[in-house]
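when you get a sec, could you give me coordinates for this:
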Amino acid sequence: MLENKKKVYIIGTVGVPACYGGFESLVDNLLDYTPENVEYTVFCSAKKYEKRLETYKDARLIYLDRDANGKDSILYDYESMKIAVKENADIMLILGVSGCMFLSKIRRSFKGKIITNIDGLEWKRDKWKFYAKWLLKFSEAQAVRYSDIIIGDNKGITDYVKSEYAKTVAKKRVELIAYGGDQVSRVTDDSLYEKYPFLRDSPSLQGKLMKQPRAAAYACTVCRIEPENNVHVILEAFEKSVVSTGSTTTQLVIVGNWEKSEYGRALKARYSSVPNIHLLDPIYEPHTINWLRSNAALYIHGHSAGGTNPSLVEAMNLGLPILAFDCVYNRATTEEKALYWKTSDDIVQTLQTVFASCDIDTRGYRLQEIAESMLEAGKRLYTWEKIAEQYNALY
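As a prediction, this is how the structure comes out:
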């Protein structure tokens, strides 16, 4: 590495090329906008990559023989930090708080800058038991105490940090930096109807909005199948819509990792036979997943425990009308211009109004106007060039 370049070590992701989640996509896109005075090193989980590149987009890759998620993520992050200290990194960019319980020890020997994106409020997630929640809350507190700069990806997160840790952050920088979503693009590909024939008669929103009857207009959701994403509530709503109307014209396509947990397996067993619900396994190929989303009449977002969610800003950048779970994070991300819900009955009411009238939602706004508002906000707030500029300014 050149001596005049700042050595930035990225800690806390599965790795790049991105093949997993939000932080991985963040890093992959940050590397496209690397400043001339920065040299990146990215830690990767050897267990996730059969082909192990030495470099990627000019970043050096270091592989650790541990999982980057779950319990092993604590030691994965800690080992990454120790290597960064040993190699005299100028900056640690830590994504997530798993290993931050060790930051007090790291601080004794590391004189560089520590920047931590605390992600969502991980300790609040329903999937964790009491001890895990306590440990994650402790790690969050250590991250805030020992980092030079704390990043929240949503105003709800930065407000929380400033309130929860008021004394600690009084003399620190707390920065709001969201995620980009403009890597997605609308897809037209009639050949994919052969793979997904149940969507063949579902007209897309743009260009056809809502002046013709819908044979099988569909809503779409892409998420991890976890309780805090309210997947059970969304499924219940679409089952209710069939029971209440006797019609299966309002379809739901939901893509997620159903086999990952007992929660997901139980939902799959319970709702697979509902005629207007289509449960698809994870789709990592961009062309197909973008096609499924591009042609949806409505995007339903159920996340409740975290900041700015990547799948939401991607849907916004695709120009989809959005029906989001009503919480401070989703309202902030969508600038309170989307539709919102709290219960399955809220979803049912919106579906009945939207798809019955074919253009009016429960508040009197046209779906087209909501879609245009989402696209405008997406292009203004959630582009990777803008996000990278904000990170680069911190270095």
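
helices of the stretch 201-350 of the chain, residue ranges please.
Taking DSSP state H, counting those that start in this stretch as the test, the helices found in the stretch 201-350 of the chain are 231-245, 262-271, 286-294, 310-317, 328-333, 344-357.

now the fifth one: buried residues?
Under the neighbour-count criterion of 16 or more other CB atoms under 10 Å, helix 328-333 has Y329, N330, R331, A332, T333 buried. Quick note: C-beta positions are derived from backbone N, CA and C, even for glycine.

got it, and the longest one?
Within helix 231-245, the residues that qualify as buried by neighbour count (16+ other CB under 10 Å) are 231-242, 245.

could you do the third one as well?
Under the neighbour-count criterion of 16+ other CB under 10 Å, helix 286-294 has T288, I289, N290, W291, L292, R293, S294 buried.

pLDDT at the fifth one, what is it?
This points to L292. At L292, the pLDDT value in this model is 94.

worst average pLDDT in the helices of the stretch 201-350 of the chain?
Least confident of those, judged by mean pLDDT, is helix 344-357 with a mean of 81.

please save the CA atoms from it in PDB.
Taking C-alpha atoms only, helix 344-357 is exported to PDB below (Å, rounded to 0.1, in the frame of the first residue of the first chain):
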ATOM      1  CA  SER A 344     -53.600  -7.300   8.800                       C
ATOM      2  CA  ASP A 345     -57.000  -5.600   8.600                       C
ATOM      3  CA  ASP A 346     -55.300  -2.300   7.600                       C
ATOM      4  CA  ILE A 347     -53.700  -4.200   4.700                       C
ATOM      5  CA  VAL A 348     -57.000  -5.800   3.700                       C
ATOM      6  CA  GLN A 349     -58.800  -2.500   3.700                       C
ATOM      7  CA  THR A 350     -56.100  -0.900   1.500                       C
ATOM      8  CA  LEU A 351     -56.100  -3.900  -0.900                       C
ATOM      9  CA  GLN A 352     -59.900  -3.900  -1.200                       C
ATOM     10  CA  THR A 353     -59.900  -0.100  -1.900                       C
ATOM     11  CA  VAL A 354     -57.000  -0.100  -4.300                       C
ATOM     12  CA  PHE A 355     -57.800  -3.100  -6.400                       C
ATOM     13  CA  ALA A 356     -61.500  -2.500  -6.400                       C
ATOM     14  CA  SER A 357     -61.400   1.100  -7.600                       C
END
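
off-centre distance for that helix?
26 Å (CA atoms, centre = their mean, to the nearest Å).

same thing with stretch 103-117?
Mean-position distance between stretch 103-117 and its chain equals 26 Å (CA atoms, centre = their mean).

which non-adjacent residue is nearest P282?
Nearest non-adjacent residue to P282, counting by CB to CB, 6 or more residues apart in numbering: N257, 5.3 Å away.

follow-up on the earlier one: and which of the buried residues of helix 328-333 is nearest L199?
Using CB to CB, the shortest approach to L199 within those belongs to N330, at 26.0 Å.

what sits against that closest one?
Applying CB atoms under 8 Å, 6 or more residues apart in numbering to N330 gives the contacts H301, H303, N309, L312, A324, A338, Y340.

kind regards, and thank you for your time.
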